[in-house]
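Sequence and predicted model, in that order:
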Amino acid sequence: MIMLQIEHPVPSFDHWKEAFDSDPVGRQRAGVRRHRVIRLLDNPQFAIIELEFDTLEEAEGLLNALRVLWKRVEGTVMTNPQTRLVEIVETVDY
């Protein structure tokens, strides 16, 4: 399983979350199997998103779509997105 991790500051977490929930890139259609939204306790204006995919190609495709979207909204909804693609080696629920 492949995960796309994204993190960035947001001017307003609530405003950003509305934009995220509107799903302008069609996450499910792009192959996202699961997502997780994380908010820092010591900085509530910082978002971390984890998107899980079956394949690297799906993850790269969505990342390219996000980069196009970010060019339109940078500075209003979010700033300076940092991304990484990682392989999930193990998941254990307790």
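That came through, no problem. All figures in this text were calculated on a predicted structure; none of them were measured in a lab. Numbers count the residues shown, from 1 in each chain.

show me where the chain has helices.
Counting by DSSP state H, the chain has helices at residues 13-21, 56-73.

Setting aside sequence neighbours, what's the nearest residue to the residue nearest in space to the middle of the chain?
Centroid check for the chain by CA atoms, centre = their mean gives Ile49 as the closest residue, at 3.9 Å. Leaving aside its sequence neighbours, Ile49 sits nearest to Ile6 (CB to CB, 6 or more residues apart in numbering; 4.5 Å). For every residue, glycine as well, the C-beta is placed using N, CA and C.

Write down the beta-bridge partners of that neighbour, one by one.
Ile49, Thr83 (DSSP bridges).

Contacts only, for Glu52.
Met1, Ile2, Met3, Val32, Arg33, Arg34, His35, Ile88 (CB atoms under 8 Å, 6 or more residues apart in numbering).

and Arg39, what are its bridge partners?
The partner residues for Arg39, given DSSP bridges, come to Ala47.

Number of residues surrounding it?
When neighbours are counted by other CB atoms under 10 Å, Arg39 registers 13.

isn't it right next to Phe13, touching?
Yes. Because the distance of 6.3 Å satisfies CB atoms under 8 Å, Arg39 is recorded as touching Phe13.

what residues are shared contacts of the two?
Residues touching both Arg39 and Phe13 (CB under 8 Å, 6+ apart): Ala47.
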